[in-house]
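[1] Pasting the sequence and the predicted model now:
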Amino acid sequence: MDTSAHVKAVVEQTSIFADWVDGRDAADPVPTCPKWTLADLVDHVGATQRMVAMLVGERMTEPSKAFAGYVPAPTDPAQWRAWLTDTAAEAKRAFESVADDTPVWDPSGGTAGVPFWSRRLFGEACVHRADAAAALGMRYELAPELAVAAIEDWLDNMTSRGYWENRPGFADAMRGSGQTLHFHATDAPGEWLARRNPDRVVLERTHAKADVAVGGPAAELLLVISRRRPVDAASTLELRGDRALLDHWIEHMDWVANG
């Protein structure tokens, strides 16, 4: 997916999310983010989109102004749908105002800030809609091609130089001596091999024998990798190899557990 496709999907996923949360109880707990209520989830989704819109639209190469520009969600759940629709539209306008090579701060450590942020907002929208589904008892569905793109975002982010430098606890836990994990979507093209080297995890897009392999429908694979569904509850996935290695990987995705 390119930047425009990511942004188009952000608008679509946010629209579904907005319809689900519209007028709901702000105090509803979010089981997949135990520290959050529904109000916290809505606030995070919309505020993040506004922050990214500012970063991209104003072509920021340093993020402090965008972080300081945090705008909370309305306290009245009846206003959530309109607010979220506006935040997604604001993000869309920001991306339409720049090119992929426009200099924008890239926390991954790369130099492609515009594509990075379009992909990150897309991944956020997909995963946090799963949080809303868990909180509200809704059925979560995501087209296989979109789920593969969200997995790609997730794994790219987790293995980026910037993430490792800024999350030393995660980096220490995920260093290894060559252990490998293979993730395979069975309903759309998508395979990833993660190798836990002593310095960092290396991600390859390939089919290869691994210490542990997990395969199945892309949407369910996304939910498991992002800690939105326990492995034991993912009945359509097939797991082969070292289960403890997979459990260790998922256990240390603390970024996800906290939203």
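    The structure has been received and is ready for your questions. Numbers count the residues shown, from 1 in each chain.

[2] just for the stretch 151-259 of the chain, where's the confidence low?
    Within the stretch 151-259 of the chain, the ranges that satisfy pLDDT under 70 run 254-259.

[3] Let me see the ranges of the strands in it.
    Remark: strands assigned in the stretch 151-259 of the chain by DSSP state E, counting those that start in this stretch are 179-185, 191-196, 201-204, 212-216, 238-241.

[4] what residues does the third one touch?
    Under the criterion C-beta atoms under 8 Å, 6 or more residues apart in numbering, residues 155-156, 158-159, 174, 176, 192-195 lie in contact with strand 201-204. Yep, even glycine has a C-beta here, placed from its N, CA and C like the rest.

[5] Now it: buried residues?
    Within strand 201-204, the residues scored as buried using 16 or more other C-beta atoms under 10 Å are 201, 203.

[6] hang on, L155 packs against A194?
    Yes. If you go by C-beta atoms under 8 Å, L155 and A194 touch, sitting 6.9 Å apart.

[7] And those two? Which one has more around it.
    Remark: of L155 and A194, A194 carries more neighbours, 21 against 18, as counted by other C-beta atoms under 10 Å.

[8] partners of that one in the sheet?
    A194 has the following beta-bridge partners by DSSP bridges: L181, L203.

[9] Which parts of the stretch 1-150 of the chain are helices?
    With DSSP state H, counting those that start in this stretch as the criterion, the stretch 1-150 of the chain has helices at 3-21, 38-57, 64-68, 80-96, 113-136, 144-158.

[10] Switch those over to JSON lines; also include distance to L181.
    JSON lines is the format used below for the helices of the stretch 1-150 of the chain (distance: least, C-beta to C-beta, whole Å):
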{"stretch": "helix 3-21", "distance to L181": "25"}
{"stretch": "helix 38-57", "distance to L181": "28"}
{"stretch": "helix 64-68", "distance to L181": "33"}
{"stretch": "helix 80-96", "distance to L181": "32"}
{"stretch": "helix 113-136", "distance to L181": "19"}
{"stretch": "helix 144-158", "distance to L181": "10"}
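
[11] Fine by me, thanks again.
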